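>>> sequence? don't have it. structure:
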């Protein structure tokens, strides 16, 4: 069922290690650039101060102004850079789906939501890019003001000291002008360095998580540890600045919404044991970080954001495992049939000569139908394993209203006894977590 089974544990760990090395190549380059820019600025400030008869006042003024400008730009531009990267990635993914033929032209002509989503992604990328340009213009203005202040300061201190020298004054002015470029490059390089550090930390987290998944297999976890699906947050904090407190139980629906880069994906990764966190998150009374990752993910049903087509036939794509939580061969084909009927896929599959044994690629499913396959896969997996926690990533915004209604029907029926975490994109909000009374 796909080529994943061809990889051994050692090969997967080596693969993660290779990616870690590849991602780490960028970090030393960025650190070198930051160090280089700092050395240039310090050297030029030293020359400037020396040429202006070693005025300590000029040095204090320069360093103070430099710190305010750099820190202000980095603080405000950091969010814009992250939003721009996320929006640009969405656009590239959307175009890749179209150009690769995975989203069919006939389907595109009938569904205005596709073009609406594409335009929204373009606008989000354009908005974030414009915000970055605005901050860069602000940085340019302040760098020019900084240079002007240095030149005027050098002239004032030189003339008031009565030690007027054309050489020293000219050197001070030339040095101040030369500071303009490194002053603008430093904060941008700093932001890129932060990105490289985030990449390395993420890869390290995945690598450590893979190793921990084997090291913690011997941890004694009660057999029915996830029977109640209760998830409790106590001062839980992730990459975002939001601290979460509260308790969710079976039947609760938790909506997680935010703009790109504000933490909604990080929260899902934490619930799946893929990212570290601060504070406490307990599932059925057991600290999440103490649960073996493979055991954790085995007991969470997930509807992923983008369509996932596995190699093989329809049945291979719907049954992630042929074994139930009780160790028996999966017997409930009526559940599979009912889910596919509700999602309006059953007639399409049974119309083929091979039925469920038809290669998935031969069905020529539309984008929305492939999202429905994701939902069916998660619903069937829940029936197999008896999961009490379900995660629905931001996939529903990319289907039309009839398909969305059918998906909601499946979610309500299949996950009625689960704690459901639902992710939605909200371009105008930071991370917001709240309880829902029902699926809407």
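Yes, it's here. This is a predicted model, so every value here is computed, not measured. Numbering: from 1, shown residues only.

>>> let me see the ranges of the helices in the stretch 301-440 of the chain.
Per DSSP state H, counting those that start in this stretch, the stretch 301-440 of the chain carries helices over the ranges 314-318, 333-342, 346-350, 367-385, 401-414.

>>> TSV please, covering these and showing mean neighbour count and mean pLDDT.
In short, each C-beta sits where N, CA and C put it, glycine included. Below are these laid out as TSV (neighbours: other CB atoms under 10 Å; pLDDT from 0 to 100):
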stretch	mean neighbour count	mean pLDDT
helix 314-318	21	85
helix 333-342	17	86
helix 346-350	15	89
helix 367-385	23	87
helix 401-414	17	87
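
>>> verify the contact between residue 235 and residue 279 for me.
Yes: at 3.9 Å, residue 235 and residue 279 qualify as touching, with contact defined as CB atoms under 8 Å.

>>> what's the overlap in contacts for those two?
243, 244 (CB atoms under 8 Å, 6 or more residues apart in numbering).

>>> can you list the domains in the protein?
4-215, 250-279+287-436 (the TED database).

>>> mean pLDDT lowest where, among these?
Among the domains of the chain, domain 4-215 carries the lowest mean pLDDT, at a mean of 62.

>>> you'd agree residue 424 is up against residue 305?
No: at 10.9 Å, residue 424 does not count as touching residue 305 under the criterion of CB under 8 Å.

>>> out of the two, which sits in the busier spot?
Of the pair residue 424 and residue 305, residue 305 is the one with more neighbours under other CB atoms under 10 Å, namely 20 against 17.

>>> how about that one, nearest residue that isn't a chain neighbour?
residue 393 (4.1 Å; CB to CB, 6 or more residues apart in numbering).

>>> for the one you found, what are its contacts?
Contacts of residue 393 (CB under 8 Å, 6+ apart): 268, 302, 303, 304, 305, 423.

>>> so which of those is the closest to residue 406?
Distance to residue 406 across the contacts of residue 393 (CB to CB) is lowest for residue 303, with 13.4 Å.

>>> beta-bridge partners for that closest one, please?
For residue 303, the beta-bridge partners under DSSP bridges are residue 392.

>>> would you mind measuring from it to residue 371?
Going from residue 303 to residue 371 by CB to CB, to the nearest Å gives 8 Å.

>>> need the overlap of contacts for those two.
Counting by CB under 8 Å, 6+ apart, the residues touching both residue 303 and residue 371 are residue 395.

>>> out of the helices of the stretch 301-440 of the chain, which is closest to residue 39?
So among the helices of the stretch 301-440 of the chain, helix 367-385 is nearest, using CB to CB, at 51.5 Å.

>>> show me what the closest one is packed up against.
On a contact count with 3 or more CB pairs under 8 Å, 6 or more residues apart in numbering; DSSP states H and E, helix 367-385 meets strand 300-303, helix 314-318, helix 333-342, helix 401-414.
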